[in-house]
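*Asks:* 3D model of this:
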Amino acid sequence: MSYIELTSENFHSEVNEEKSIPVLVDFWAPWCGPCQMLGPTIDELADELDGEVKICKLNCDEAADYAMLMGVMTIPCLILFVGGEEKGRLVGLQSKDDIIEFINSNK
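*Replies:* Numbers count the residues shown, from 1 in each chain. Down below sits the predicted model:
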């Protein structure tokens, strides 16, 4: 399975209403070099963690309202939600191992 693309229309239903598994949201933009470098890692995690963690991406240019609502000031920014509540965030380019450790220590 691949990641889910979030928009202003589906953010609430995909993130806040998800109660069964953690949700990791990658806040990114197409002009952001580190975001582009993180992209393949997010794709891998979506496949590897399928059924354990819902992996989502939100383009901050297209859904700036949710990026602002979540207080995202720097991208890439990964926010982990559990039961619809933020449990932690990582800012900047991260390794796959660091992201997995982050998820496991916050879920």
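*Asks:* Could you grab the helix/strand/coil label for Glu14?
*Replies:* helix (DSSP: H, G, I helix; E, B strand; the rest coil).
*Asks:* Please look at it and Thr7 and confirm they touch.
*Replies:* No. In this structure, Glu14 is not within contact of Thr7 by C-beta atoms under 8 Å, at 9.2 Å. Backbone N, C-alpha and C define where each C-beta goes, glycine included.
*Asks:* So for the two, which residue has more residues nearby?
*Replies:* Ranked by neighbour count (other C-beta atoms under 10 Å), Glu14 and Thr7 place Glu14 first, with 19 against 12.
*Asks:* Next one: Pro76 relative to Gly83, how far apart?
*Replies:* Pro76 sits 24 Å away from Gly83, going by C-beta to C-beta, to the nearest Å.
*Asks:* So for the two, which sits in the more crowded spot?
*Replies:* Using other C-beta under 10 Å as the criterion, Pro76 and Gly83 rank with Pro76 on top: 26 against 13.
*Asks:* so Leu24 sits in a strand?
*Replies:* Yes. Checked against three-state DSSP, Leu24 lies within a strand.
*Asks:* For beta bridges, what are the partners of it?
*Replies:* Beta-bridge partners recorded for Leu24 (DSSP bridges): Ile55, Leu80.
*Asks:* Contact partners for it?
*Replies:* Residues near Leu24 by C-beta atoms under 8 Å, 6 or more residues apart in numbering: Leu45, Val53, Lys54, Ile55, Cys56, Leu78, Ile79, Leu80, Phe81, Ile99, Ile103.
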